[in-house]
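Asks: Okay, sequence plus prediction incoming.
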Amino acid sequence: MSGYDIAGWAGFLAVAAGVPAMLTGLIFGAISINLARILEFPRLPEFAAETIVQLRAAMIISLIALASGQSALVLGVKLAVGGAILWILQTSRARSNGCARSKTMTSAVQSSRSY
């Protein structure tokens, strides 16, 4: 078995898909419990949604790699296209948010310290 044989990575990829799925569930639960408090901050719901999207993206990429019977070229193309789509979505969202992101996160952190 070589490092380029995708079958040898099946265990790692299964864990790499399972961990983001589990973390997404935990974050979803935390958001559900603290929804009223999260909604007090103007942009915090967007950040929570972005976190869930990023974890789901990591899970999807791992699941793409787990699909059996793919050549290295097909897998590489799928991962490149998936990564490009995720990058475009993420950078377009970051551009539309502008500089207000750091101010919102700073105020959220300062507010959480008061509890």
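Replies: Sure thing, it's come through. Numbering: from 1, shown residues only.
Asks: For this structure, just list every one of the helices.
Replies: Taking DSSP state H as the criterion, the chain contains helices spanning 10-33, 35-39, 44-66, 72-97, 100-113.
Asks: Turn these into JSON lines, columns for mean pLDDT and mean neighbour count.
Replies: C-beta here means a position set from N, CA and C on the backbone, and glycine is covered the same way. Converted to JSON lines, these look like this (pLDDT from 0 to 100; neighbours: other Cβ atoms under 10 Å):
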{"stretch": "helix 10-33", "mean pLDDT": "91", "mean neighbour count": "13"}
{"stretch": "helix 35-39", "mean pLDDT": "92", "mean neighbour count": "12"}
{"stretch": "helix 44-66", "mean pLDDT": "88", "mean neighbour count": "16"}
{"stretch": "helix 72-97", "mean pLDDT": "85", "mean neighbour count": "12"}
{"stretch": "helix 100-113", "mean pLDDT": "55", "mean neighbour count": "12"}
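Asks: Which residue comes closest to the residue positioned nearest the centre of the chain once chain neighbours are left out?
Replies: Here the mean C-alpha position of the chain is nearest to the C-alpha of Gln54 (Cα atoms, centre = their mean), at a distance of 1.4 Å. Take Gln54 and drop its neighbours on the chain: the residue closest to it by Cβ to Cβ, 6 or more residues apart in numbering is Gln90, 7.8 Å away.
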